[in-house]
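*Asks:* The sequence isn't on hand, but the structure is:
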């Protein structure tokens, strides 16, 4: 549905997007994930038509769109700051793209009603944006984007301005809407949890390039670079060496790895568990209650491991603990 072929965009001396090539499949929820300044929003703006690539091509449904303005592309756009018309009611904002198409008023009213029902805003047609909460405003922005009947829905950090509870609620609604409509969605976020929860596939970006592309499970369980391992999820990178399928650090560890040479294994907090005969012994430096889990920091052999336990476990700072390791862990080679 969306193809980027060798796309490059420069602002003066800064290369914002550096030769990005990727394909977004029809009906897919695809996320561009990365820290501020990595090029993800510029990539989205190139697809939207707000920016023109210096090199490369953007295609939607197989058609090159480099020369098409935003209004000529089959897209709907949802912004971080809602971008609603303050002088229009909820009804007027959602009806705006329909009226641009000069549809009969009865059709406009029917479609607006359907869209507001879809985003759970029935009964708020007469309110102005200033009379709505942030979550409600973002729902209006989403309904307005859907009113264009786009082939591709573009979303630029649409939940980042909302508080945590509303953000999680809207995240579920967004996923439901995308599934129900069958729309192709291209989503931008710096929030790794959001990306893992929503996406069919994720492109992790760094310095204008795609660092790794894969499913949420692949990105989380098998990061291909140190940057991805550090950026996505919580864990500890333990330096050592891979030899003959085992990880070594002063001594052989009971952890299977793929590859050879110096590098790091990635240990996630949920993979480590207390065991009376555990391979590692260390001291708990910090125990933090997080509601659904108890997160420990355990110092052992010069490493600070994060360990997640059942919140009912009675473990405190200063306790000694033996830890069992996972049978296998991702191994990431040392970067030159």
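*Replies:* Done, it's in. Please read all numbers here as calculations on a predicted model, not as lab measurements.

*Asks:* Tell me the pLDDT of residue 120.
*Replies:* Predicted confidence (pLDDT) for residue 120: 87.

*Asks:* need the contact list for the closest residue to it other than its chain neighbours.
*Replies:* Excluding the flanking residues, the one nearest residue 120 by C-beta to C-beta, 6 or more residues apart in numbering is residue 139, at 6.9 Å. From N, CA and C alone the C-beta is placed, and that goes for glycine too. Residue 139 makes contact with 119, 120, 121, 170, 173, according to C-beta atoms under 8 Å, 6 or more residues apart in numbering.

*Asks:* try residue 202
*Replies:* 30, 31, 32, 33, 195, 196, 213, 214, 215, 216, 219.

*Asks:* Could you point out the helix or strand that follows whatever helix or strand it lives in?
*Replies:* If you go by DSSP states H and E, residue 202 is part of strand 201-206. Sequence-wise, the next helix or strand downstream of strand 201-206 (DSSP H and E) is strand 209-214.

*Asks:* and that following strand, how far out from the chain's middle?
*Replies:* Chain-centre distance of strand 209-214: 12 Å, with C-alpha atoms, centre = their mean, to the nearest Å.

*Asks:* Which ones among the contacts of residue 202 lie within helices?
*Replies:* Members of the contacts of residue 202 lying in helices (criterion: DSSP state H): 195, 196, 216, 219.

*Asks:* Could you measure from the third one over to residue 196?
*Replies:* Using C-beta to C-beta, to the nearest Å, one gets 4 Å for the distance from residue 216 to residue 196.

*Asks:* With the last one instead?
*Replies:* Distance from residue 219 to residue 196, counting by C-beta to C-beta: 8 Å.

*Asks:* So which of those two has more stuff around it?
*Replies:* residue 219 (28 against 18; other C-beta atoms under 10 Å).

*Asks:* Number of residues surrounding residue 180?
*Replies:* Look at residue 180: counted by other C-beta under 10 Å, it has 9 neighbours.

*Asks:* Residue numbering should commence at 261 henceforth.
*Replies:* Yes, from this point I'll number from 261; that puts the last item at residue 440.

*Asks:* Would you map the helices across the stretch 311-460 of the chain?
*Replies:* Taking DSSP state H, counting those that start in this stretch as the criterion, the stretch 311-460 of the chain carries its helices at 350-360, 365-378, 394-407, 424-441, 452-458.

*Asks:* just for the stretch 461-596 of the chain, where's the confidence low?
*Replies:* For the stretch 461-596 of the chain, the stretches with pLDDT under 70 are 596.

*Asks:* Break down it into its helices, ranges please.
*Replies:* According to DSSP H, counting those that start in this stretch, the stretch 461-596 of the chain carries its helices in the segments 476-481, 486-491.

*Asks:* Residue 556 and residue 576 touch, don't they?
*Replies:* No - with contact defined as C-beta atoms under 8 Å, residue 556 does not reach residue 576; the gap is 9.6 Å.

*Asks:* Looking at the ones in helices among the contacts of residue 462, spot the one nearest residue 530.
*Replies:* Ranked by distance to residue 530 (C-beta to C-beta), those are led by residue 456 at 13.6 Å.

*Asks:* Tell me if I'm right that the closest one and residue 481 touch.
*Replies:* No - applying C-beta under 8 Å as the test, residue 456 and residue 481 come out as separate, 10.9 Å apart.

*Asks:* Just give me the residue closest to the centre of this structure.
*Replies:* Against the mean C-alpha coordinate of the chain, by C-alpha atoms, centre = their mean, the closest residue is residue 455 at 2.3 Å.
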